[in-house]
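>>> prediction below, plus the sequence it came from.
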Amino acid sequence: MMPKKQQLVISSQEQVGEAVFRLTLQGEVAALPGQFVQVGVAPALDPFLMRPFSVHDCSRDKLALLYRIAGRGTKLLARRQPGELLTVIGPLGKGFPVGKADRAVVVAGGMGVAPLLYLLRFLRGAGKDVAFFYGAKTAAGLVLQDTFRSLAGEYIAVTEDGSAGKKGFVTQFIRPALAGKKADLYACGPFSMLRAVAALAKDTGADCYLSLEARMACGVGACLGCVIRGADGCWRRVCTDGPVFRAEEVFGR
Ligand SMILES: Cc1cc2nc3c(=O)[nH]c(=O)nc-3n(C[C@H](O)[C@H](O)[C@H](O)COP(=O)(O)OP(=O)(O)OC[C@H]3O[C@@H](n4cnc5c(N)ncnc54)[C@H](O)[C@@H]3O)c2cc1C
Ligand code: FES
């Protein structure tokens, strides 16, 4: 489907964590899990560039985003109020496919959790047995835990400092969930976490889909601002070839 530019009405804006907000918009974007939208964060043309955000949740008449204040653009976005109009272009990029295995192991790191709510709902709808691993630096970095817990058969929270859930890196705890029954792996989070997830996939033979982040300008494949070099040495645009890639495209076989 061609990405549409739309003005959507903000229906709610709520703070759900430390500098983390959930913004809900009225309107249909018809996105797949893992796709993203470009958002005009302010009513004026400053900042000029739109900002990319994953589709956190979506239905026939609703689009939700989950974002953390990172800089000027997201600070302006957090000031927007219910009833105001927001310019949105999307859906953009390639989302997560639904893998073949009956079991799905989904891994989130920090704000990488944003696109995974919609993915969990999708996987459950496809009848998958879902295990969800959610890692953050500290307890404050874990948001909407009850919602995520309710969507997964198995839910494991991990923090680096042990202030909530298990202590360590989230990737230390995944291997048992991949033992025995064949599982597909899905992940979104920091690049180092994605590398570790890809290594687990290589070891266990699991199909693995990773959502990458890159600095983006246009979001539609025109500016080459978001390119990464794939494992085969070829350049890929994160905005149009991704943001979801098969692990071997990024980290090799
Ligand atoms: C496909 C995609 C989906 C995304 N989905 C989400 C999401 O669902 N929720 C969310 O909170 N954020 C998401 N991001 C990141 C988000 O786009 C940036 O945080 C936002 O654009 C920052 O804008 P700003 O003006 O507030 O910050 P800026 O002033 O532009 O930058 C502030 C700081 O954030 C860093 N930064 C800015 N953009 C990125 C980026 N793309 N990746 C890594 N670091 C960045 C800068 O290096 C700088 O240190 C996504 C990014 C991409 C590419
Ligand atoms: S952001 Fe312009 S090509 Fe990807």
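Cool, got the structure. Ligands and ions are numbered 1, 2, ... in the order given.
>>> so after the host helix or strand of residue 177, what's the next helix or strand?
Element membership for residue 177, per DSSP states H and E: helix 175-178. Downstream of helix 175-178, the first helix or strand assigned by DSSP H and E is strand 183-188.
>>> ok, residue 214 - contacts?
Going by CB atoms under 8 Å, 6 or more residues apart in numbering, residue 214 touches 225-228, 238-239, 243. In this view, the C-beta of every residue, glycine as well, is placed from N, C-alpha and C.
>>> I meant residue 43, not that one.
Taking CB under 8 Å, 6+ apart, we find residue 43 in contact with 84-85.
>>> tell me the SS of it?
What DSSP: H, G, I helix; E, B strand; the rest coil gives for residue 43 is coil.
>>> count the residues that sit near the residue lying closest to residue 37 once chain neighbours are set aside.
Distance criterion CB to CB, 6 or more residues apart in numbering; nearest residue to residue 37, sequence neighbours excluded, is residue 90 at 3.3 Å. Residues near residue 90, counting by other CB atoms under 10 Å, number 25.
>>> can you pull the pLDDT of residue 90?
What the model reports as pLDDT for residue 90 is 94.
>>> distance of it relative to ligand 1?
Distance of residue 90 to ligand 1, computed by CB to the nearest ligand atom, to the nearest Å: 10 Å.
>>> what comes up buried for the longest strand anywhere in the chain?
As assigned by DSSP state E, the longest strand anywhere in the chain is strand 4-17. Neighbour-count burial for strand 4-17 flags 6, 8, 10-11, 13, 17 (criterion: 16 or more other CB atoms under 10 Å).
>>> hmm, back to that, filter the contacts of residue 214 down to the buried ones.
Neighbour-count burial (16+ other CB under 10 Å) applied to these gives 226, 228, 238-239, 243.
>>> what's the neighbour count on residue 159?
Using other CB under 10 Å, residue 159 has 22 neighbouring residues.
>>> any chance of a markdown table for the buried ones among the contacts of residue 214, columns pLDDT, secondary structure and distance to residue 66?
Converted to a markdown table, the buried ones among the contacts of residue 214 look like this (pLDDT from 0 to 100; DSSP: H, G, I helix; E, B strand; the rest coil; distance: CB to CB, whole Å):
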| residue | pLDDT | secondary structure | distance to residue 66 |
| --- | --- | --- | --- |
| 226 | 97 | coil | 21 |
| 228 | 96 | strand | 24 |
| 238 | 98 | coil | 19 |
| 239 | 97 | coil | 19 |
| 243 | 98 | strand | 15 |
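>>> can you check what pLDDT the model gives residue 4?
Model confidence at residue 4, given as pLDDT, is 88.
>>> show me the beta-bridge partners of it.
Counting by DSSP bridges, residue 4 is bridged to residue 90.
>>> ligand 1 versus residue 241, what's the distance?
Distance, residue 241 to ligand 1, by CB to the nearest ligand atom: 12 Å.
>>> need the contact list for that residue.
By CB under 8 Å, 6+ apart, the residues touching residue 241 are residue 94.
>>> does the longest strand of the chain come close to ligand 1?
No - applying CB under 6 Å from any ligand atom, one finds strand 4-17 out of contact with ligand 1, separated by at least 10.7 Å.
>>> CA atoms of that strand as PDB?
The C-alpha coordinates for strand 4-17 follow below in PDB (Å, rounded to 0.1, in the frame of the first residue of the first chain):
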ATOM      1  CA  LYS A   4      -0.500   8.200   2.800                       C
ATOM      2  CA  LYS A   5       0.100  11.600   4.300                       C
ATOM      3  CA  GLN A   6      -2.800  12.300   6.700                       C
ATOM      4  CA  GLN A   7      -3.700  14.800   9.400                       C
ATOM      5  CA  LEU A   8      -4.900  12.700  12.400                       C
ATOM      6  CA  VAL A   9      -6.500  13.900  15.500                       C
ATOM      7  CA  ILE A  10      -4.800  13.200  18.800                       C
ATOM      8  CA  SER A  11      -7.200  11.300  21.000                       C
ATOM      9  CA  SER A  12      -4.900  10.800  24.000                       C
ATOM     10  CA  GLN A  13      -1.400  11.600  25.200                       C
ATOM     11  CA  GLU A  14      -0.400   9.900  28.500                       C
ATOM     12  CA  GLN A  15       2.900   9.500  30.300                       C
ATOM     13  CA  VAL A  16       3.600   5.800  30.900                       C
ATOM     14  CA  GLY A  17       7.100   5.900  32.200                       C
END
